[in-house]
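Asker: Need a 3D model of the following:
(chains A, B, C and D, ligands or ions: 4)
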Amino acid sequence: MIRRILKTVAGPVIAIVLALVVTAVFLTVAGYSASSAFEVMWDYGTTPESLASTVNNAMPLYFAGIAAAFSLRMGLFNIGVDGQYRIAALVGAVVAASLPLPLWLTLPITLLASMAAGALWALVPALLKVYRGVNEVITSILMNAIATTVVAVLLADVFRSGGGQNTGSAPIGPDGSMPVLLDLGGRVQISGFLPLAVLLGIGFFLLHDRTVWGYTVTVANLSPDAAESAGISVKRRIVTSLLASGAIAGLVGLPHVLGTAHRLDGTLPTDLMFTGLAAALLGRSHPIGTAIGALVLAFVERSAQVLGIVKLPTEVGTLFLAVVLLSSALGYWVVENGERRLALIAAIRRARAGRTKEASAV
Amino acid sequence: GGKTADTGSASASASGPTVALLYGTTGDFSFMDSAYKGFTEAEGEYDFTPLELSSPNTDDYQDRVDLALSQNAALAIGIGFQWQQPMSETAHPDTAFVQVDADAGTVIDDVTTISFAAEQSSYLVGVAAALTSKSKHVGFVGGVDQPSIQNFYTGYEAGVHSIDPSIVVDKTYLAPLGDFTGFSDPTKGKEAAASMYAGGADVVYTAAGGSGQGVYEEAAASSTSDKKNWAIGVDADVYQTVADSIKPYILTSAIKNVDVAVKTSIGEFLDGTLKPGEVRYDLSNDGVGYSTSGGFLDAFADQMASIKQDIIDGKITVPTAL
Amino acid sequence: MSAVTTVSPAPRSTDARRVRARAVLSWILLGFGLILIASWVCDAPGIASSSTWGSALRLTVPIAVVAIGALYSERAGVINVGLEGMMIGGTWGAGLFGWFGGPWLALVGGVLGGLVLGLLMAVLCLELGLNQLVVGVAINVLAAALARFLSDIVFSGIDGGSVARSPRIDGNVPRVSLPFLSGGFGTPDPLRDLEAGGIPVVSQLAGIVGGLTRDVSVAAIIGLALIPLTALVLWRTRFGLRMRAAGEEPAALQALGGHVHRTRYLAVLVGSGMAGFAGGYLVLISQGYVENQVAGRGFIGLATLIFGNWMPGGVFAGSALFGFSDAVGLGRPETFTAMLFVLGAVFLVLAALRVRRGLGVRAAVPSLVLGVVLLVAALFIPLPSALASAAPYLVTLAVLVVAGTRMRPPRALGQFFPRRNSSR
Amino acid sequence: MTDGQEVLVRLSGIVKRFGTFVANDRIDLTVRAGSVHAVVGENGAGKSTLMKILSGEESPDEGTIEIDGRATVFRSPRDAQAAGIGIVHQHFLLAPGLRVWENIVLAGEPGGPVFIDSARARREVTELAGRTGFPVAVDAEVETLGVGMRQRVEILKVLYRDARIIILDEPTAVLVPAEAEALFAAMRAFTAAGAAVIFISHKLDEVLSFADDITVIRAGRVVGTAVPAETTAPQLARLMVKAEMPVVAPRDQPASDRVVLETRGLGVRGDDQVAPLADVDLRVHAGEIVGIAGVEGNGQSELLAALIGRADATGTVLLDGDDVTALSTVDRRARGMGYISEDRHRDGIVLPLALRENAVLGYQQLPPVRRGPWFRRAEAARAAAEIIAAYDVRGGDASTRASALSGGNQQKFIVGRELLREPRLLLAAHPTRGVDIGAQAAIWSELVAARDRGLATLLVSADLDEILALSDRVLVLHRGRIVAEIDARGADVGTIGEYMTGARGGEAAA
Ligand SMILES: Nc1ncnc2c1ncn2[C@@H]1O[C@H](COP(=O)(O)OP(=O)(O)OP(=O)(O)O)[C@@H](O)[C@H]1O
Ligand SMILES: Nc1ncnc2c1ncn2[C@@H]1O[C@H](COP(=O)(O)OP(=O)(O)OP(=O)(O)O)[C@@H](O)[C@H]1O
Ligand SMILES: [Mg+2]
Ligand SMILES: [Mg+2]
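Answerer: Ligands and ions are numbered 1, 2, ... in the order given. Predicted coordinates:
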């Protein structure tokens, strides 16, 4: 049991240590002091405000990570999360702002509408894949670009509210916004999306690892032919996996729209897909791992903001992120190879011990 | 410059009050660069402790305002209209706030908002374009189809048509709203300009950040002995920064003195004269303007000056998209 | 669908070749005819003007080059999602080298910049067997971060340089035109006069040919030449055969004594070098490195590769389609309308062909519907101008819906091949 | 044994370990020039491993290789090829997207240092194919070829490299008798020219009639050598597994009259003008095994696909009198159709998954493994354990990955999985392909026992002996149509062969 935990933890830990080392090398070569950089980052990142903000900022990454994981489990690469969440964020912002209903009704409707929009955007790659054999990566890339245009046209010509430089949809009142879950005073607040994230993780785990549907997805991913012979429709798994991925992706923009900006405007972050994907990869498409990955990445982003104080470029944060992504893969490689080595050595030792025992028994 | 990290806290190693610059990142060939330039110039002239809080992220404005407060900044200058929300929602009893590039008419309690009349400078370069164009056909290349860029076009078009309503004005935005690659894609800028010049335009005004470089290149590249093509730059005096081979094709630039705004705010703050409320940077106080480098506008200098005065005097009202 | 042509290694009988040539010729004629009609119906001379076609050519090059580079790596069995990053590496390398040594060295620097990241990818994917998608994504993020970080160190504070751009590169690679047709080498330029002359058909033809042959940068010519060169490498050389084998069934290659790793390394490196070259090409246009100037072209290159079904001809068709619609999107609105008109008409012709070939009405439905929609949109509906910037994506998507080629990726794509298949 | 002819290959003391598992344990092997040397042994005995060592694909942990009396060390397959060794792998190693000639000349292309002389390559391959009696379509893409053709390509790869030592790892497992005959004739031609052939097979009659020398391997060790003249199949079999040749006792009770499977006008349309399957009317009764004989590629795959519900088929399929034509695969399986697929690695088993997950493949929608939406892993593990125990699957437990099992044990596991559910109808395709005779005996007796319990079985096999041994009736498929129905008792192999090749009764049954 302890071994298992050690093994699970070892990968990410090695990854992060590696990333620290590589980033430190870069900083040193560039003539900066790495230790002071890490020190101020750590000091700032561990303040209560930063920790709360880390948790909140991790949630969209986590949603994006789970969305990626949904498709990765079916052997698909949903590179369209980007477009899906932007469309869904627009839909969510419009629904939340315009429904004249109490919060307990508006909120679920908003979530569902956003998820439906994300799923709808994923439907195009799914259908083209299944009926036309077009790789989902290419369609997703195209759909991302088209999403940009569609959101632009809708926001500029249909849903724009107010004037000035800010192009935003109508503001969302308290009856549409996500309430704060925990308010510890000051700016230490935890967003109401947290329970949703936890539920989503549990649901993902159960669905993939405990249901027949999850089993059929595993088989369809590993061997489509075996799946067909076993009566599992691979096409249907592809479509449902991509739709589910798109639906989850639909949640990615909501913490910002319903919790921070209270409208859809130019401040919606646009690079959540890759960071979320990094979280999923860091966590091996497992919900807990993805959550940890998202927290680590959010922590780095938050704590890197402080670098300007010591005249360091904030790019260090991005650099660190990129290296974490690479070293996450490396970390797992080290763990797996190490484990195989260890197992082999143990087995040989056991075999030798057995032989000597035999010999002494004779 | 000094690349070694300051380990001590910012205020320990330098004297004077802390002034924080809250901005995106430099390198946008536009007002971030300009703001940063003003900030560094102020550093040389005044005595204060600089605190640069830059972040390319679009979603952590509040974080950076908090950070500035936690570092005991006496003055925090936010570059961009996005600072409006955090600056109006955060209590700052010991810190002065300045928001640069606010919308005209933005009033926030206890915050100095600075807005620029970019449409006025655009109007004037429009006038210059109309006076220069031989083909009676000019163009506009915008980086991203967003209101702040549309505002440049609105002023420009009005300026062109004030001289001759029959002049055709082409316009192209390189990217739709929300797609900021339009500000950093010189390849597209060049092709968009190429299409306009080939279609008959002989003056193209560009408000496209880094993509503008492509427009300047194309003005030079597409000029022939029969038809000289001009480009009009934006934000800073582009004539000073382009290659010598391109200089002859830069008619003028519409200038937006963000650097002056930043520097002046810091100076006023240190003098104790910075007051909350709206400050408008327009033609009247040289907050915006146009450049005359290269002397290509010398022939119309008087005409331009009188139009400028008319705008200042309110005889001409320049339309705005904001 | 004609967009995806296969270069086949099998020597076909001259008869089959003639049929093929005739088909290609008639499609070209049809296309030209439709362009003529469109330019008249939509009052859009831009659709056949030399500036549009010249733009299209220039916009095609970076996408074609990065896609053809990806072809190497993917044909050898290594998924390349890191193209965007390699291109970014190329732009930065080109900025650095070009600053010191001018435009030609900029291209070299671009190649080197791509190679560095390609080497990283090769080592991680081929030696350690890390997930190729992960490595690709990581390379994209890493390249962007590194470019900025290094710019801050190298370019910041230098005259003309900043964290987001390199000092400007002086001079440019030469541009050439066809002599006696489009004014190359000081000869007269009759095509320009013909285009301006306004004689129907002749003027349009002169516009298209002139646009494609006038003032073409040598870098663009090198880039486009990579496509036939790649076809040659792929189908006619030892390396090409081994590369295809490594991507189809590496074990077969190894069992016959081929070197899977050597081949894959070479393919990934060649591919990354080309991606870097594409970055260098962009830098030559902007006369310096500009942050984010790659602007997603690496991803488009990947899409183009898949669109082209991993064939050089398909890659060319895909990138040309993309480049052309990009050029049209940057031009005047009526040109965009005209392009929609042409596309709609082509789809209708396709639908008719499918019905006539007895493929059934069902096979013709997608192209019929899309064709009608496009024609109606082109002729009767005022389109929002923002739509034009999405033109290349919409057009590519439409073609995919209609064409629906059966994709045939290399069979071992994405599979790790350990150095020795025993546990030593 | 070494008298007369020179020794071409001498392996001595070869040891190969995979982790702690010893696949080859001090193996000695001597092959004479001009001879056919058979290596026989159970599944997993270590035959293929030994051959990979000889062909340079694996390096031995201990032991020496001598070629022509000279000790050699192979660092790569290339070294082995240079020494004149060529191997046809048990599992084909062909690049499916490449053309036949490209597969053959790969890594040894004629032409300059950069370019391939493709005209010469094609000419050489065509000539070689004609000369050696393995005609192939030189320009065809390998993925369009059937197994027989692919085997030819594999052999041509070896011949193209002028191998003097030709290793054939179970070459006949996928061949129909006529194809196998041709292969043996060609083998004779090679040995006549002075080459040596090392040949692995589980079909002992082949071994006895074509080999000059025989080496028997069990559990990684050489347990005996023999010459065909002095040994019999049962003796060999006993050496290999300490088990008798499988025989099927004549059945004591007749099949029931109840029709379990009936098809009417079953057909599958393909891309070509000729439908791959047409007008198939057949009936299988409870307690009956119906064999489908035919040269591979004559509609067997399509018939199976149509019956299990994977192909777009015309006509009607009745299961126990109910029309199941419109039902999906999963519904058909739920109604009691079991399916042993043609190619276990392709669709019989999921190699990277544990046996636990593989034990319920195809039954994932049924209780007990399914409860509501849930997948009950404990039930799956129990099913796996049951199969492992009942069908003597060796090499792992419920948590072992399927890929860790040898081919024969994988096959036993699949048979066990399908029979465990007590289906009404079993579609069994090549149930003993590539399986050693011990396992073969086990599988045969399970099939017979199930038949006696009332199972209706449709048996498709390339092995005519198997069909004749197990079936009550034999249907012959030729060009997608059933051309003959023959009572298996007293059936004549020659007659069936004539039907199979179309030499007889071409139109009779149409
Ligand atoms: N790469 C490997 N790693 C671990 N074990 C292996 C490997 N290759 C083979 N083995 C094991 O070595 C043993 C011998 O395998 P081999 O393939 O030589 O058997 P074989 O005699 O050819 O059997 P079959 O008749 O089923 O083909 C088997 O138990 C197999 O599982
Ligand atoms: N792994 C490889 N990847 C790419 N190109 C290769 C590779 N191996 C060989 N080549 C190309 O083939 C040429 C010959 O290389 P090499 O000597 O390895 O081939 P070979 O198969 O030994 O040739 P031959 O059949 O004549 O013995 C090289 O110059 C190179 O162009
Ligand atoms: Mg074997
Ligand atoms: Mg050689």
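Asker: Quick check, B:Tyr205 in contact with B:Ser133.
Answerer: No - taking Cβ atoms under 8 Å as the contact criterion, B:Tyr205 and B:Ser133 are not neighbours in contact, 11.2 Å apart. Using the backbone N, CA and C atoms, a C-beta is placed for each residue, glycine as well.
Asker: Just want the residue of the stretch 151-300 of chain B that's nearest ligand 1.
Answerer: Among the residues of the stretch 151-300 of chain B, B:Thr181 lies closest to ligand 1, at 48.9 Å counting by Cβ to the nearest ligand atom.
Asker: Now that residue: closest residue in space that isn't a chain neighbour?
Answerer: C:Ala295 (3.8 Å; Cβ to Cβ, 6 or more residues apart in numbering or on different chains).
Asker: Number of residues surrounding that neighbour?
Answerer: Counted with other Cβ atoms under 10 Å in any protein chain shown, the burial measure for C:Ala295 works out to 26 neighbours.
Asker: Give the helix, strand or coil label for it.
Answerer: Three-state assignment for C:Ala295 (DSSP: H, G, I helix; E, B strand; the rest coil): coil.
Asker: what does the model give it for pLDDT?
Answerer: C:Ala295 carries a pLDDT value of 86.
Asker: so where do the helices sit in the stretch 51-200 of chain B?
Answerer: Using DSSP state H, counting those that start in this stretch, the helices assigned to the stretch 51-200 of chain B run over residues B:61-70, B:84-89, B:118-132, B:147-163, B:186-198.
Asker: by contact count, what packs against the first one?
Answerer: I take that to be helix B:61-70. With contacts defined as 3 or more Cβ pairs under 8 Å, 6 or more residues apart in numbering or on different chains; DSSP states H and E, the packing partners of helix B:61-70 are strand B:18-23, strand B:49-54, strand B:75-79, helix B:84-89.
Asker: Quick one, which of the ones you listed gets closest to ligand 2.
Answerer: Checking the helices and strands packed on helix B:61-70 against ligand 2 by Cβ to the nearest ligand atom gives strand B:49-54 as the closest, at 46.7 Å.
Asker: just the angle between the closest one and helix B:61-70, please?
Answerer: 160 degrees (axes from the mean of the first three to the mean of the last three Cα atoms, to 10 degrees).
Asker: Strand B:49-54 near chain A at all?
Answerer: Yes - on the criterion Cβ under 8 Å from any Cβ of the partner chain, strand B:49-54 is in touch with chain A at B:Leu51, B:Glu52, B:Leu53, B:Ser54.
Asker: Reformat the residues you listed into CSV and put neighbour count, pLDDT and distance to ligand 3 next to each item.
Answerer: Converted to CSV, those look like this (neighbours: other Cβ atoms under 10 Å in any protein chain shown; pLDDT from 0 to 100; distance: Cβ to the ion, whole Å):
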residue, neighbour count, pLDDT, distance to ligand 3
B:Leu51, 23, 87, 72
B:Glu52, 21, 86, 68
B:Leu53, 24, 85, 67
B:Ser54, 22, 81, 64
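Asker: wait, C:Leu124 sits on C:Leu130?
Answerer: Yes - counting by Cβ under 8 Å, a contact exists between C:Leu124 and C:Leu130, whose distance comes to 4.8 Å.
Asker: list the helices and strands the helix or strand in which A:Arg302 is found packs on?
Answerer: Under the assignment given by DSSP states H and E, the secondary-structure element containing A:Arg302 is helix A:287-304. Helices and strands touching helix A:287-304, by 3+ Cβ pairs under 8 Å, 6+ apart, are helix A:2-29, helix A:34-45, helix A:48-72, helix A:193-210, helix A:272-282, helix A:315-361.
Asker: and the next helix or strand after the fourth one, does that touch chain C?
Answerer: Spelled out, that is helix A:193-210. Beyond helix A:193-210 in the direction of the C-terminus, DSSP H and E gives the next helix or strand as helix A:212-222. No - legend: contact between helix A:212-222 and chain C by Cβ under 8 Å from any Cβ is lacking; minimum distance shown is 12.9 Å.
Asker: List the contacts of the most centrally placed residue in chain C.
Answerer: When chain C is reduced to its mean C-alpha position, the nearest residue by Cα atoms, centre = their mean turns out to be C:Ala64, at 2.0 Å. Shown in contact with C:Ala64 (Cβ atoms under 8 Å, 6 or more residues apart in numbering or on different chains): C:Gly223, C:Leu224, C:Leu226, C:Ile227, C:Thr304, C:Val315, C:Phe316, C:Ser319, C:Ala320, C:Gly323.
Asker: Quick check: phi and psi on it?
Answerer: Taking degrees, to the nearest 10, you get phi -60, psi -40 for the backbone angles of C:Ala64.
Asker: if we can go back for a sec, tell me the two of the contacts of C:Ala64 that are most distant?
Answerer: Considering Cβ to Cβ, no two members of these lie farther apart than C:Leu226 and C:Gly323, which are separated by 14.9 Å.
Asker: So out of everything in chain C, what residue is nearest chain D?
Answerer: Nearest residue of chain C to chain D (Cβ to the nearest Cβ) works out as C:Gly257 at 3.1 Å.
Asker: any idea whether D:Ala278 is helix, strand or coil?
Answerer: When classified by three-state DSSP, D:Ala278 comes out as strand.
Asker: Name the nearest residue to it, sequence neighbours excluded.
Answerer: Closest to D:Ala278 by Cβ to Cβ, 6+ apart is D:Gly267, at 4.4 Å.
Asker: Now do the phi/psi pair for that neighbour.
Answerer: The main-chain torsion angles of D:Gly267 are listed as degrees, to the nearest 10 and equal phi -150, psi 160.
Asker: got the contact list for it?
Answerer: Remark: with contacts taken as Cβ under 8 Å, 6+ apart, D:Gly267 is in contact with D:Ala275, D:Leu277, D:Ala278, D:Asp279, D:Val280, D:Ala306, D:Ala313, D:Thr314, D:Gly315, D:Gly480.
Asker: So it versus D:Arg332, what's the distance?
Answerer: In this structure, D:Gly267 and D:Arg332 are separated by 18 Å, where distance is defined by Cβ to Cβ, to the nearest Å.
Asker: if we can go back for a sec, can you select the buried ones from the contacts of C:Ala64 in PyMOL?
Answerer: Buried members of the contacts of C:Ala64, defined by 16 or more other Cβ atoms under 10 Å in any protein chain shown, are picked up in PyMOL with:
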select buried, chain C and resi 223+224+226+227+304+315+316+319+320+323
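Asker: Nearest to D:Thr144 among the contacts of C:Ala64?
Answerer: Distances from the contacts of C:Ala64 to D:Thr144 were compared by Cβ to Cβ; the smallest belongs to C:Val315, at 24.5 Å.
Asker: thinking the closest one is in contact with C:Ile306, fair?
Answerer: No - using Cβ under 8 Å, C:Val315 and C:Ile306 do not qualify as a contacting pair, with a distance of 9.6 Å.
Asker: Could I get the contacting residues of B:Ser284?
Answerer: For B:Ser284, the set of contacting residues under the criterion of Cβ under 8 Å, 6+ apart consists of B:Ile312.
Asker: what's the helix or strand for whichever residue of the stretch 201-322 of chain B sits closest to chain D?
Answerer: Distance from chain D to each residue of the stretch 201-322 of chain B (Cβ to the nearest Cβ) is smallest for B:Ala221, at 38.9 Å. Taking DSSP H and E as the definition, one finds B:Ala221 inside helix B:212-222.
Asker: Using CSV, list the CA coordinates for that helix.
Answerer: Taking Å, rounded to 0.1, in the frame of the first residue of the first chain, the C-alpha atoms of helix B:212-222 are listed here in CSV:
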residue,chain,number,x,y,z
GLY,B,212,2.2,47.0,-38.9
GLN,B,213,5.8,46.1,-39.8
GLY,B,214,4.4,44.2,-42.8
VAL,B,215,2.4,47.2,-44.0
TYR,B,216,5.5,49.4,-43.9
GLU,B,217,7.5,46.8,-45.8
GLU,B,218,4.8,46.5,-48.4
ALA,B,219,4.5,50.2,-48.9
ALA,B,220,8.1,50.3,-49.9
ALA,B,221,8.1,47.0,-51.8
SER,B,222,5.0,47.8,-53.9
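Asker: and the residue lying closest to B:Glu217 once chain neighbours are set aside, how many neighbours?
Answerer: Nearest residue to B:Glu217 in three dimensions, chain neighbours excluded: B:Lys190, at 5.8 Å (Cβ to Cβ, 6+ apart). Taking other Cβ under 10 Å as the neighbour definition, B:Lys190 ends up with a count of 28.
Asker: Cool, thanks, signing off.
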